[in-house]
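Chemist: Sequence first, then the predicted structure:
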Amino acid sequence: MISLFRKIRQKLLSHLSAGNAGNRVTRYIAYAIGEIFLVVIGILIALSINNWNESSKLRAKEAILLSEMKSNLQSDLLDLEYNISGNQKRITSNEVILATLREERPFHDSLKPYFGNIFGNFQLSENTASWENLKSVGLDLISDDSLRNRISNLYSTRYPYLENTEKGVDDGYQWNYFYPMVLENLSMDTVWVSASPQDYEALVRNKKFQEVLKMNLFIRNFQQNQYEEIKEIVMRLIAQIDMHLAHLNE
């Protein structure tokens, strides 16, 4: 650009020393301005192409990461569905046994599957590989603000909260309080399949066992709500990722 102005200056000086300097200078100025304009346009076009290339690379990278995240979430969804199904069976067993003991119904072999399935908890093994990748490259890679916020909320808020209730509340209660009561009062035929009371009449009068059972039922229902809520969040997030991927591929 500097050399161009030097040439213009030299030509202007040579034209000024010749005849009809005014007309020649005017024409040359117009010519020089045109040349400068073309140079500027060329620079802008080059910058635009470079920016477009960089943007295309980022969008391609975003699409790859979101596809991986969708796969991770689908795996989480299967885990959540398993937990919901298994936890519901625990709830049913707890409800049946608690009602049976409260109402002092006579023992029957049909109660064995319920006694065998009253204890035990579940934990979600979420796949966070794509989330860790996103954090390493920067959350701004996700170009949709709403999608970025939903992803961040799931992985940085909802999943950690669920893990805290699973390990900090449910797991501790299950194995420190409830399981010892089960071992003390029940005989296991097959774990989570069949069990029977060691002394059914004594168990009916055992109010402490019933209170522990009530608390376990409360925790089971609480965890069930957590699993179902997060399942809905994951399903909506997968749908939003699909929509955004379709937009990126347009």
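Modeler: Cool, got the structure.
Chemist: contacts and neighbour counts: CA atoms only from here.
Modeler: Noted.
Chemist: need the helix or strand of this structure with the lowest average pLDDT.
Modeler: When the helices and strands of the chain are compared on mean pLDDT, DSSP states H and E, helix 2-16 comes out lowest with a mean of 51.
Chemist: and after the helix or strand harbouring Gly172, which helix or strand comes next?
Modeler: For Gly172, the host element (DSSP states H and E) is helix 171-173. Downstream of helix 171-173, the first helix or strand assigned by DSSP H and E is helix 179-185.
Chemist: neighbouring contacts of the helix or strand following that following helix?
Modeler: Sequence-wise, the next helix or strand downstream of helix 179-185 (DSSP H and E) is strand 186-190. Contacting residues not belonging to strand 186-190 are listed as 115-116, 194-198 [C-alpha atoms under 8 Å, 6 or more residues apart in numbering].
Chemist: which helices and strands does the helix or strand where Glu229 lies pack with?
Modeler: For Glu229, the element it lies in under DSSP H and E is helix 207-248. On a contact count with 3 or more C-alpha pairs under 8 Å, 6 or more residues apart in numbering; DSSP states H and E, helix 207-248 meets helix 21-102, helix 145-153.
Chemist: where are the low-confidence patches of the protein?
Modeler: 1-32, 34-35, 37-40, 42, 44-55 (pLDDT under 70).
Chemist: repeat that for 50
Modeler: Counting by pLDDT under 50, the low-confidence segments of the chain come to 1-2, 4-5, 9, 12-13, 16.
Chemist: Please identify which of the contacts of strand 186-190 is nearest to Asn164.
Modeler: Comparing these against Asn164 with C-alpha to C-alpha places Gly116 closest, at 26.6 Å.
Chemist: Okay, angle between the helix holding Glu229 and helix 145-153 too, please.
Modeler: Relative orientation of helix 207-248 and helix 145-153, computed by axes from the mean of the first three to the mean of the last three C-alpha atoms, to 10 degrees: 150 degrees.
Chemist: can you give me the offset of helix 207-248 from its chain's centre?
Modeler: 13 Å (C-alpha atoms, centre = their mean, to the nearest Å).
Chemist: Repeat that for stretch 204-211.
Modeler: Here stretch 204-211 is found 42 Å from its chain centre; the criterion is C-alpha atoms, centre = their mean.
Chemist: just stretch 183-198 next, same as before
Modeler: Centroid separation for stretch 183-198 versus its chain: 39 Å, with C-alpha atoms, centre = their mean.
Chemist: number of nearby residues for Arg148?
Modeler: Burial of Arg148 is recorded as 15 neighbouring residues (other C-alpha atoms under 10 Å).
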